[in-house]
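K.L.:
Could you look at this predicted model? Sequence included:
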Amino acid sequence: MTLDRLVCANCAAPVNEGRCPVCRANRERLQQEGPFAGLNPAALIAMLVVLIAAVALLAHQTA
């Protein structure tokens, strides 16, 4: 999930603004989860489709 869509339950502000300690803690946690944590599901599916297509093309060329 991306930070621009999250709303803090503590202060009702967007988490990416970091207005309260809860926002700041969640923003830090989400930023430390890794490079693919911020991608939306559509981007992950697109990357998976491209990977499968590349493997299929490689398998077809070697056969």
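P.N.:
Okay, I see it.

K.L.:
Please spell out which residues along stretch 17-28 are buried.
P.N.:
Under the neighbour-count criterion of 16 or more other C-beta atoms under 10 Å, stretch 17-28 has 18, 23, 26, 27 buried. For every residue, glycine as well, the C-beta is placed using N, CA and C.

K.L.:
Residue 20 and residue 6: what is the separation?
P.N.:
Using C-beta to C-beta, to the nearest Å, residue 20 is found at 13 Å from residue 6.

K.L.:
ignore the last one, residue 48
P.N.:
Where residue 6 is concerned, residue 48 sits at a distance of 24 Å (C-beta to C-beta).

K.L.:
Would you mind telling me which of those two has more residues around it?
P.N.:
residue 6 (15 against 10; other C-beta atoms under 10 Å).

K.L.:
My understanding was that that one contacts residue 14; is that so?
P.N.:
Yes: here residue 6 reaches residue 14: they are 6.9 Å apart, a contact under C-beta atoms under 8 Å.

K.L.:
so what secondary structure elements neighbour the helix or strand encompassing residue 60?
P.N.:
Assigned by DSSP states H and E, residue 60 belongs to helix 41-62. Using 3 or more C-beta pairs under 8 Å, 6 or more residues apart in numbering; DSSP states H and E as the contact test, no helix or strand touches helix 41-62.

K.L.:
Name the surrounding residues that touch it.
P.N.:
Outside of helix 41-62, the residues within contact range by C-beta atoms under 8 Å, 6 or more residues apart in numbering are 36, 39.

K.L.:
and it, what's its mean pLDDT?
P.N.:
For helix 41-62, mean pLDDT is 94.

K.L.:
In CSV, list the C-alpha atoms belonging to that helix.
P.N.:
Extracted C-alpha coordinates of helix 41-62, given in CSV (Å, rounded to 0.1, in the frame of the first residue of the first chain):
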residue,chain,number,x,y,z
PRO,A,41,-1.3,-4.7,-7.0
ALA,A,42,-1.7,-3.8,-10.6
ALA,A,43,2.0,-3.0,-11.0
LEU,A,44,3.0,-6.2,-9.3
ILE,A,45,0.7,-8.2,-11.6
ALA,A,46,2.2,-6.4,-14.6
MET,A,47,5.7,-7.3,-13.5
LEU,A,48,4.6,-10.9,-13.0
VAL,A,49,3.1,-11.0,-16.5
VAL,A,50,6.3,-9.6,-18.0
LEU,A,51,8.4,-12.1,-16.1
ILE,A,52,6.3,-15.0,-17.3
ALA,A,53,6.4,-13.8,-20.9
ALA,A,54,10.2,-13.5,-20.8
VAL,A,55,10.6,-17.0,-19.4
ALA,A,56,8.2,-18.4,-22.0
LEU,A,57,10.1,-16.6,-24.8
LEU,A,58,13.4,-17.9,-23.5
ALA,A,59,12.0,-21.4,-23.3
HIS,A,60,10.7,-21.2,-26.9
GLN,A,61,14.0,-19.9,-28.2
THR,A,62,16.0,-22.7,-26.6
